[in-house]
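Peer 1: build the 3D model from these lines:
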Amino acid sequence: MAIVLTKKKPKSQAVETELVSDFAGLIDEIGAMQAEQTRIEQQIKELQKKQKPYKEKLKSLAELLHEVDEHGDDETFVELGVSYQAELGKKGTARSIRDIGQVRQLMGDETFFKVCSVTLKAIDDYLTPEEKAEVLEIERTQRGVSITRRP
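Peer 2: Numbers count the residues shown, from 1 in each chain. All right, here's what the predicted structure looks like:
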């Protein structure tokens, strides 16, 4: 960024003239939106706090009903309250791999290694720094941007 020098004006009219960024319009537009964005984020946090008791009670009810559930997995049923009722749907399905070695054998190495994944956390947890340097590619990401009012 270049600075253009101007004659010094009286203190009440002193204005420093600078060349502004090519992105000045967008920067100023985002800056003007920040107050509203901050207000919206605060409202969202407050609403999420208000939702917490509801979500906790709903989860508690689901756990209690699960403990006494005598219905078939694919049945739906209704539990009655005085003013409301709870409608319970079919049980969901959770899947996990029982034998990864057999999966590899059935898929073949080429397909298996194309589709398999290992989390970076697992690599951090189980490999030494030297081993990680051999297997990880590290790139720098984009810079973070924050907009602040000019002094």
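Peer 1: longest helix in the chain, by residue count?
Peer 2: Counting residues, the longest helix in the chain under DSSP state H turns out to be helix 24-68.
Peer 1: can you list the strands that the next helix or strand after that helix pairs with?
Peer 2: Note on helix 24-68: by DSSP states H and E, the next helix or strand toward the C-terminus is strand 77-80. The strands beside strand 77-80 in its sheet (DSSP bridges) come out as strand 85-88 (antiparallel).
Peer 1: what strand or helix carries F112?
Peer 2: helix 109-115.
Peer 1: list the helices and strands the next helix or strand after that helix packs on?
Peer 2: Next along the chain after helix 109-115, taking DSSP H and E as the criterion, comes helix 120-126. Applying 3 or more C-beta pairs under 8 Å, 6 or more residues apart in numbering; DSSP states H and E, we find helix 120-126 packed against helix 129-135. Using the backbone N, CA and C atoms, a C-beta is placed for each residue, glycine as well.
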